[in-house]
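Novice: Have a look at this prediction, sequence included:
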Amino acid sequence: MASSRSGLLPKLQLTSEQVRKLRKEARDKYPVEACALLFGRLIKEKAVVTKIVIAPNTLQSMARFEIDPQLVFDSFEQAEQEGLEFVGLFHSHPAPYNPSVIDIRFMRLWGDAVWLILSSTDDSVAAFQMVKGKARRIRIDVE
Ligand SMILES: [Zn+2]
């Protein structure tokens with residue numbers, strides 16, 4: 001599922017419009033965790049998000065999220081047809097953006113995926129990537 005890249009990505013690039021969209025989704029779903037799949041292009045180790053697929057949190061939980069596997073499958077197929085790569089996952093926390101213990105466990109399963117987490121407490125966002133078993137924070141550029 002993860003692409004062939006390996007190692008830490010220097011940065012994640014988003015547009016201000018995309019950030020607005022994710023903040024709105026987080027607000028609309030609050031206090032349930034909002035989630036989305038991020039697709040785009042990997043250019044010189046920079047992940048550029050070009051497509052966001054908003055996904056319902058099937059757990060309707062304030063502490064964790066789950067995306068319907070069929071939606072994940074369909075979204076991956078669609079993105080592949082569009083020539084896009086899977087960049088990572090977005091979800092919100094009604095708490096600080098640090099990955100939870102459960103997040104870390106799932107991050108290990110998702111390989112190189114970037115985890116973009118929004119804190120609904122102050123609308124801040126942070127991106128993380130699992131590198132050698134540890135969640136490392138990566139830079140976000142908003143254009
Ligand atoms: Zn989380």
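Specialist: In hand now; what should we look at? Numbers count the residues shown, from 1 in each chain.
Novice: List every C-alpha atom in stretch 36-46, with coordinates, as PDB.
Specialist: Extracted as PDB, the C-alpha positions of stretch 36-46 are listed here (Å, rounded to 0.1, in the frame of the first residue of the first chain):
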ATOM      1  CA  ALA A  36      -9.600  12.200   5.000                       C
ATOM      2  CA  LEU A  37      -7.200  10.600   2.600                       C
ATOM      3  CA  LEU A  38      -4.600  12.700   0.900                       C
ATOM      4  CA  PHE A  39      -3.300  12.000  -2.600                       C
ATOM      5  CA  GLY A  40      -0.900  13.900  -4.800                       C
ATOM      6  CA  ARG A  41       2.600  13.800  -6.200                       C
ATOM      7  CA  LEU A  42       6.000  13.100  -4.700                       C
ATOM      8  CA  ILE A  43       8.400  15.600  -6.200                       C
ATOM      9  CA  LYS A  44      12.000  15.500  -5.100                       C
ATOM     10  CA  GLU A  45      11.000  14.000  -1.700                       C
ATOM     11  CA  LYS A  46       8.400  16.700  -1.300                       C
END
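Novice: now what about that stretch, what contacts it?
Specialist: 3, 5, 7, 9-13, 22, 25, 47-55, 67, 72, 75, 79, 82, 84-91, 114, 116 (C-beta atoms under 8 Å, 6 or more residues apart in numbering). For the C-beta atoms, the positions are set from N, CA and C on the backbone; glycine is no exception.
Novice: check contacts around the nearest residue to D68 once chain neighbours are set aside.
Specialist: Leaving aside its chain neighbours, D68 sits nearest to T58 (5.5 Å; criterion: C-beta to C-beta, 6 or more residues apart in numbering). When contacts are counted by C-beta under 8 Å, 6+ apart, T58 touches 66-68.
Novice: Which of those residues has the largest number of neighbours?
Specialist: I67 (19 neighbours; other C-beta atoms under 10 Å).
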